[in-house]
Structures are given as structure tokens and as C-alpha cells.
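[1] Please work out how this folds:
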Amino acid sequence: MAHAAVIGAGIGGLTAAVALQRRGWQVTLFERAASLEPVGSGLAVAANALRALDTIGAGDEIRGLSAIQGTGGLRRSDGRWLVRTSAEAASARNSGDSVVLLRRADLVDALSSRLETGTVRLNTEVTRIDPDSGLVTFAGGRTEADLVVGADGIHSPVRSTLFPAHPAPSYSGVTAWRLLVPASGVPGQAYESWGRGKVFGVMPLAGDTAYCYATDTVPAGGGGGDQPAELRRLFGDWHSPIPELLAAATPERVLRNDVHHLTTPLPAMHRGRVALLGDAAHAMTPNLGQGACQAIEDAVVLAHVVGDGTGAVSFGGNDVLAGYTAARLERTSRIVARSAAICRVTRMRNPLAVRLRDTMTALSWRLAPSRVNGAMDEVLGWTPPSG
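    Just a heads-up that it's a prediction; the model follows:
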């Protein structure tokens, strides 16, 4: 039986581990943290990722755990709608699926429950890999793998090993906050509101909970102090129900992170026996809501490319993983660039530029709503490989 070592137990790493096991691989999943996703937030899983999850038997469970993104869109900070969208329109364009919203921890639980007992090694940091031999060294031992999967995040040591001269992720210019808050009585609309250099998003989840996220154009390296108070300072005068939601925020439920992304695509998403996926391969800004979705796509495509693991696998001179790069690099690079372009638009602070941005956005919606609604069809219309 072929052996795969997966480094990093985030959503991409977990999906890869499940997908490989379903194809007969023995999998060891290394995670340096002491637990899986110890701090929670929310997540949007779009139609493309739902189809990928269907291939590993998890799609229907995720749909059942989720709220459906209903009528929503894009607003100004004073509440005026710039763009209106509907779940029905998105579903009609994407074979019955729209975007579903759920707690990140619920997705992690659904994936990890599908792994064989003993797959995950928590509190275990990988210290070295050899791309040619597949030798993985970790605290307390080493193992040889036919396939190594680098799913170790934005600041990936595996990526640095494969491509040491490649530029490191860059600060996007925005810092992000994520939080879960009670949302009893809050309208069930998912929307994003834009102001001068700032964004606030609301996603209603199942169980009278809302996932909120926010960004502001500030220098990197901030943080500390009372983050709910900082959010109320930044967004407390925005339209309802944003102030009401922030009033319910508590410090332990708020995550703050500077947003980094890879501005230069990698030359490949593999080298030797090692494949990169998710943020390790194509870290992107969150503006398209596709970070986790692309990691899920990566994972099921990788499992498809490497195939049946019940026999001996030799990558040798036959570069099996070149098919993975061919399937994923161009698509993910386009999505990274598109998300970064939207991020730049949200960073506008000049009042005249902001007014022009909002006016043009609203006009585009009024004059060509089908074009605005269909802007994501290329991303959402992806289908996983079969067979």
C-alpha cells in the first residue's frame, strides 16, 4: 500500500487525507498544533467546493449542517444597497447548489470523522522533508512516503523547501477580524458592506449565530488590546445590525490577522514527490471567499491524479504530479489575481474615489444584473474530475 504524508491539518490537508484514504492510500497527517482548529470562525462553501466534497462523500453532510446564503449582496456603510443577489439565481446557474454557510469547526469535524483511527498525529512538527526520496523528519522520528502533501499554510516551510528563491507572501494592505456572535432576530441576509478603506461582512449561520468579518487598511503588525472595542470604534456608526452584532462580541471570540497573499504564482505546485495545496500553494486574499474552496478542489484533484494507492507507487522519472500542476496552477493563479484586484478596490480611502466606485458598482448592477450575477460563474461552475 502506498503511503502519503500530509503536513498540516487545516481544511485542505484534511480533505486530502480523506480523499487519499478513499483511494486506498495509507495516510499519516502531521499537525503541529495540539488540536484541530482550536479557535472557531465561519466559512462559506461555494458550489464548486460542494461538488468536490461530494466526491469524498461529505457534500450532503455539509449541506445539512449549513445555512443557505439567501438574498444579500453589497451595501454601503450607511446601508444603501449597491448590488442585490439571490440564492435562487445562483442555484439555477450552478446545478442546484448555491453558497452554504457554516462554522469552520463543523467542516473540520465532518472531515476528520472520515479519517481512519490513528491517521492524525497532533502536536508533531515536521522539521525536514526530502522532495526526491519522500523522507519526512519530525520531532521524535522519521518516515518515508511515496507522496508528501504540503498543506502547511500561508508561511509554508514546505513551499520554502521546494522553491527557496520564490518571493514570500506579501502583506495585502489590510488586516482582518473574524468573529462569531449571537444573532437572534437579525435578518437572515448575507451581505458585505464597503466604506472608506473598510469592509464588514455578515453571514447568518444555523442556530441563531452570525459569522462576521471585517477588514481595515492599516499597517501590518497591529493587534493586542480589546479587539471588540476596536471593532466598535471602527464600525459602530455603520448601518444596522452591525452595531448590534458588535455589541454582543466578546474578546475570546474575535480573531485578528494581517492578510498576506502570494503575489507571484509558483513555477509549479509540485517538485519530486511533494505536492503543495491550499494557502501553501496559492495564498489569496479573502475577497472572493475561495481560499478554503480552492484548497478543497486541490485535494480532490491531487487524489485523482495520483490514483489508486493499493499497489506500489513510483514517481521516479515519470513525473506523475505534473498532471496536478497542469490541472491547478493556471486556475488558482487567476483566482488569486482576481481576489487581489477586489482587495485593492476595497482599500480606497479617497472620498471621491469611493463615491465613484460605489456609483459605478450600482450602475453596473442596474444596467446589467445578469452580468453581475454571472461574474463568478467561471469560478463556481468548476466540476471535479471523474473516475
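[2] From now on I want contacts and neighbour counts done on CA atoms only, so please keep to that.
    Fine.
[3] List the buried residues for stretch 51-64?
    Buried residues in stretch 51-64, counted by 16 or more other Cα atoms under 10 Å: 51-53, 55-59, 62-63.
[4] Could you tell me the average pLDDT over that stretch, please?
    Averaged across stretch 51-64, pLDDT comes to 97.
[5] Stretch 122-134 now?
    96.
[6] Looking at the buried residues of stretch 51-64, spot the one nearest residue 252.
    Checking those against residue 252 with Cα to Cα, the nearest one is residue 62 at 25.9 Å.
[7] Which residues are in contact with that closest one?
    107, 110 (Cα atoms under 8 Å, 6 or more residues apart in numbering).
[8] Equivalent analysis for the one 5 residues further on, please.
    With Cα under 8 Å, 6+ apart as the criterion, the residues that contact residue 67 are 100-102, 204-206.
[9] Turn those residues into JSON lines, including neighbour count, distance to residue 283 and secondary structure.
    As requested, these are arranged in JSON lines below (neighbours: other Cα atoms under 10 Å; distance: Cα to Cα, whole Å; DSSP: H, G, I helix; E, B strand; the rest coil):
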{"residue": "100", "neighbour count": "23", "distance to residue 283": "22", "secondary structure": "strand"}
{"residue": "101", "neighbour count": "24", "distance to residue 283": "21", "secondary structure": "strand"}
{"residue": "102", "neighbour count": "26", "distance to residue 283": "22", "secondary structure": "strand"}
{"residue": "204", "neighbour count": "29", "distance to residue 283": "26", "secondary structure": "strand"}
{"residue": "205", "neighbour count": "27", "distance to residue 283": "25", "secondary structure": "strand"}
{"residue": "206", "neighbour count": "16", "distance to residue 283": "28", "secondary structure": "coil"}
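[10] Now tabulate these in JSON lines and tack on pLDDT and distance to residue 386.
    What follows is the contacts of residue 67, written out as JSON lines (pLDDT from 0 to 100; distance: Cα to Cα, whole Å):
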{"residue": "100", "pLDDT": "92", "distance to residue 386": "23"}
{"residue": "101", "pLDDT": "93", "distance to residue 386": "26"}
{"residue": "102", "pLDDT": "93", "distance to residue 386": "27"}
{"residue": "204", "pLDDT": "91", "distance to residue 386": "33"}
{"residue": "205", "pLDDT": "90", "distance to residue 386": "31"}
{"residue": "206", "pLDDT": "85", "distance to residue 386": "32"}
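[11] Closest to residue 41 out of these?
    residue 102 (8.8 Å).
[12] right, and the closest one touches residue 205 too?
    Yes. Between residue 102 and residue 205 there is a contact under Cα atoms under 8 Å: 5.6 Å.
[13] re the thing from before, out of the buried residues of stretch 51-64, the closest to residue 335 would be?
    residue 52 (17.1 Å).
[14] For the closest one, list the residues it contacts.
    Here residue 52 is in contact with 59, 296-297, 300, 383-384 (Cα under 8 Å, 6+ apart).
[15] which stretches of this structure aren't confidently modelled?
    Within the chain, the set of residues satisfying pLDDT under 70 comprises 37-40, 70, 86-96, 185, 187, 311-318, 372-373.
[16] What ranges does it have for its helices?
    All helices of the chain, identified by DSSP state H, fall at 11-22, 47-54, 59-65, 87-93, 104-112, 157-162, 227-235, 242-247, 279-282, 291-306, 322-346, 351-367, 369-373, 377-380.
[17] burial of residue 233, as a residue count?
    Residue 233: 11 surrounding residues under other Cα atoms under 10 Å.
[18] do residue 175 as well
    22.
[19] Test my guess that it contacts residue 285.
    No. Using Cα under 8 Å, residue 175 makes no contact with residue 285, being 10.4 Å away.
[20] where do the contact lists of these two overlap?
    With Cα under 8 Å, 6+ apart, residue 175 and residue 285 have common neighbours residue 259.
[21] re earlier: just the closest of the buried residues of stretch 51-64 to residue 2, please.
    Residue 2 has its nearest neighbour among these in residue 56, at 18.9 Å by Cα to Cα.
[22] I'd like the distance between that closest one and residue 299.
    10 Å (Cα to Cα, to the nearest Å).
[23] Kindly report the same for residue 361.
    On the measure of Cα to Cα, residue 361 and residue 299 end up 35 Å apart.
[24] Show me which of those two is the more surrounded one.
    residue 299 (29 against 15).
[25] residues contacting the more buried one?
    By Cα under 8 Å, 6+ apart, the neighbours of residue 299 are 12-13, 15-16, 19, 277.
[26] Farthest pair within the residues you listed?
    Most distant of the contacts of residue 299, by Cα to Cα, are 19 and 277, 13.4 Å apart.
[27] picking up where we left off before, include neighbour count and distance to residue 147 when you put the contacts of residue 299 into CSV, please.
    Formatted as CSV, the contacts of residue 299 follow (neighbours: other Cα atoms under 10 Å; distance: Cα to Cα, whole Å):
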residue, neighbour count, distance to residue 147
12, 32, 15
13, 30, 13
15, 30, 15
16, 31, 11
19, 27, 13
277, 27, 13
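[28] Please produce JSON lines containing those residues, extended by distance to residue 156.
    Below are the contacts of residue 299 laid out as JSON lines (distance: Cα to Cα, whole Å):
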{"residue": "12", "distance to residue 156": "13"}
{"residue": "13", "distance to residue 156": "13"}
{"residue": "15", "distance to residue 156": "18"}
{"residue": "16", "distance to residue 156": "17"}
{"residue": "19", "distance to residue 156": "22"}
{"residue": "277", "distance to residue 156": "10"}
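[29] Report how far apart the opening and closing residues of stretch 261-279 are.
    First residue to last in stretch 261-279 (Cα to Cα) measures 8 Å.
[30] Let the chain start at 39 from now.
    Understood, numbering begins at 39; the last thing we discussed is stretch 299-317.
[31] Any buried residues in it, and which?
    Buried residues in stretch 299-317 (16+ other Cα under 10 Å): 299-301, 303-304, 306-317.
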